[in-house]
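Undergrad: Sequence plus predicted model, see below.
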Amino acid sequence: MDFPLQPKDLKSDIIHLVPLTENDFEDLYAVANDELLWEQHPNKLRYRRDVFKNFFEGAMLSGGAFIIRDNATNEVVGSSRYYDYDKKNKSILIGYTFIGRKFWGKEYNKSLKKLMLDYAFQYVDKVYFHIGALNIRSQKAIEKIGGIKVDEFEVEYYGEDSKLNFVYIIEKK
């Protein structure tokens, strides 16, 4: 069974995921335009419009990107995506995730990951995450929900230089 990368009905108690469209650029950039948001990320300049535009183009081309919205206010929380579906190995990656600082320290990231994992495990047995080697915040967050570090390697982001990333896995139970 193939993995539909952009379902239209992913919703939790606090957020919902909407397939990303070209019309979402300005709303998403308003969240991403925060230098501190990217301080531990492999590309620390993603707050700049030209750099974010490249990120957004990659998201659109991926066919698996979402804009995350708050259920109560419809405010943009951030973005995430599915990518690199491997039917043979029954695996997928979740990544390119960012959440606005306003939403940090609350249940948003945990809710997002649960929502995306629950959906993914209908189709795959393994979900991988690439996390920047210096992104301690994201490493701790993925470990909190059961992610196990299994590898390290250089990842080449769309239109960017490659950077060292850690690979985490969460397996279907």
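TA: Happy to help now that I have it. Numbering: from 1, shown residues only.
Undergrad: what's the helix or strand for residue 142?
TA: Residue 142 is part of helix 136-144, with elements assigned from DSSP states H and E.
Undergrad: For residue 94, see how far away the closest residue to residue 103 other than its chain neighbours is.
TA: Excluding the flanking residues, the one nearest residue 103 by Cβ to Cβ, 6 or more residues apart in numbering is residue 77, at 5.2 Å. The C-beta positions use only the backbone N, C-alpha and C, and glycine is treated the same way. If you measure residue 77 against residue 94 using Cβ to Cβ, to the nearest Å, the figure is 16 Å.
Undergrad: Likewise for residue 113?
TA: Counting by Cβ to Cβ, the gap from residue 113 to residue 94 is 7 Å.
Undergrad: Strand partners (parallel or antiparallel) of the helix-or-strand element of the chain with minimal mean pLDDT?
TA: Lowest mean confidence among the helices and strands of the chain (mean pLDDT, DSSP states H and E): strand 148-156, at a mean of 91. Next to strand 148-156 in the sheet, as set by DSSP bridges, lie strand 162-171 (antiparallel).
Undergrad: quick check: angle from the strand it pairs with to helix 136-144?
TA: 20 degrees (axes from the mean of the first three to the mean of the last three Cα atoms, to 10 degrees).
Undergrad: Now for residue 109: which residues touch it?
TA: 97, 99, 103, 141 (Cβ atoms under 8 Å, 6 or more residues apart in numbering).
Undergrad: State the distance from the last one to residue 170.
TA: Applying Cβ to Cβ, the value for residue 141 to residue 170 is 12 Å.
Undergrad: What of residue 59?
TA: Using Cβ to Cβ, residue 59 is found at 22 Å from residue 170.
Undergrad: Show me where this protein has its helices.
TA: Listed in chain order, the helices of the chain (DSSP state H) span residues 25-32, 49-62, 108-120, 136-144.
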